[in-house]
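Participant: What would the 3D arrangement of this be:
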Amino acid sequence: MTTFLRRTLPLLAPLAASFLLTACGPKPATDTIKIGNYAAITGKDGTFGDSSTKATRLAIDEINAAGGVLGKQIELLVEDTQSKPGEASTVVKKLITRDKVVALIGEVTSSRSLEGAGVAQAFKIPMLSPSATNPAVTATGDYIFRACFIDPFQGSVLATFARDKLQARRAAVLTSISSAYSTGLGEVFTARFPLGGGGEIVASPKFAEGDKDFKAQLTAIKAASPDVIFVPAYYTEVALIAKQARELGITAPLIGGDGWEAPELLEIAGSALEGCYYSTHYSAESPDPKVQSFVKKYRDRFDGRTPDGMAALGYDAAYLLVDAIRRAGSTEPAALRAALAATKAFDGITGRIDMDADRNASKPAAILTIKDGKFAYVETVSPLIAPKSGQPPCRPFRYSPFPPFVSFVVKKIRLRHPCPSVQSVVKRT
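Facilitator: As a prediction, the model looks like this:
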């Protein structure tokens, strides 16, 4: 042994022992609570994830400034799914296994939420989607929740609005075969529109993700002479469909769901969507002081941009999840899951949220129109259950019992509506 080693080994021994004790002994408690946020911040659906994530950051910053939760600050870890199929499952696994998050907020679309949900359920980590409306998402398992309404409610609202408010009797339905959101919502509308008023579906052409030319489908729709065209798609596709429909001389109004919600919708479509309608989760025009406070804070922080429905849902999802952590008194997955499931009367920006037995949020839908190149509020539809004496509690769907079975992308998933009586409250301006 060299003279150098003989002299230095006694000095290194205590350091080595200390290292071994640190490596092998109990880990120190973390100073923060880690929450994962995964969303499409870039790519074709980037506006959705960008809006939602910005509002989630705003909410987490507010919570931390107020002292955090359970005596700790929250650390928000953000992953971008880039609007790519398959990316959601990859980033969710990373957030759970490498980053050790206690819960997940995401994703913003149904298809990618389905990808992430399978991973979260397998690891038994609670996942709360702000805006995925397809029922198959929460049907993945008991650790999967959502902060938004579901397509059976949204589709029913839109079908009834088209038939009763727009006086439409002939409807065309244009859906994407590549999207769980589009397919599911299209099936609900198709089932609901003919009920209670003699409505008829006169055309049901399809398109695929990535399509830019919709003139073949629109030509078939024009030949069927519909009174209204239902387009349950995302804003980039809707804007192109609207422009091409007007170029072909189609004058029927287009209606759609919350996938339309983005400022880019009007930037791309121009005047082609004037007089059209869609459902969403809230209106920035609401006089509610809580809503106006949120709108002001979001505009102040993000260069004057008005928060859309995705932003409002991202904000609500963050507060709802932290509220559940506080009520659970723990970040242990089973305790947090139970607290989320027990959520009742949560007062969010998008309205009161009650978590039902299927982990779906029972809450209102807003109808907006495009008027003078701007989004304008029309009405709010709030589910209100009125079962007869002795009957079990009803799931909150709009107007009347939902058809006995509705098939969705996941073929084995069926929804039953046991209620013979479902009513709603409609508030109008």
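
Participant: And what about the residue nearest to the spatial centre of the chain, helix, strand or coil?
Facilitator: Using Cα atoms, centre = their mean, the residue of the chain that lies closest to the mean C-alpha position is residue 131, 0.5 Å off. Here residue 131 is coil, with the state taken from DSSP: H, G, I helix; E, B strand; the rest coil.

Participant: Tell me where the stretch 51-200 of the chain has helices.
Facilitator: For the stretch 51-200 of the chain, the helices defined by DSSP state H, counting those that start in this stretch cover 87-97, 110-123, 151-160, 180-192.

Participant: just these: most buried one?
Facilitator: Highest mean neighbour count of the helices of the stretch 51-200 of the chain: helix 151-160, a mean of 28 (counted as mean count of other Cβ atoms under 10 Å). For every residue, glycine as well, the C-beta is placed using N, CA and C.

Participant: May I have that one exported as CSV, CA atoms only?
Facilitator: What follows is helix 151-160, C-alpha atoms only, in CSV (Å, rounded to 0.1, in the frame of the first residue of the first chain):
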residue,chain,number,x,y,z
ASP,A,151,-70.9,13.4,-23.5
PRO,A,152,-74.3,11.8,-22.7
PHE,A,153,-75.2,15.1,-21.0
GLN,A,154,-73.5,17.3,-23.5
GLY,A,155,-74.9,15.4,-26.5
SER,A,156,-78.4,15.5,-25.1
VAL,A,157,-78.2,19.2,-24.5
LEU,A,158,-77.1,19.9,-28.1
ALA,A,159,-79.7,17.6,-29.6
THR,A,160,-82.5,19.2,-27.7
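
Participant: Which secondary structure elements does that helix sit against?
Facilitator: Applying 3 or more Cβ pairs under 8 Å, 6 or more residues apart in numbering; DSSP states H and E, one finds that helix 151-160 makes contact with helix 180-192, strand 277-280, strand 365-371.

Participant: Quick check: mean pLDDT of that helix?
Facilitator: For helix 151-160, the mean pLDDT works out to 94.

Participant: and what of stretch 219-228?
Facilitator: Mean pLDDT, stretch 219-228: 98.

Participant: With stretch 260-280 instead?
Facilitator: The average pLDDT for stretch 260-280 rounds to 95.

Participant: Check stretch 380-387 too.
Facilitator: On average, stretch 380-387 scores 61.

Participant: go on, stretch 165-174?
Facilitator: For stretch 165-174, the per-residue pLDDT averages 97.

Participant: Buried residues, it. List them.
Facilitator: Going by neighbour count (16 or more other Cβ atoms under 10 Å), the buried part of stretch 165-174 is 168-174.

Participant: now swap in stretch 138-153 and tell me
Facilitator: 138-140, 143-153.

Participant: Good, wrapping up.
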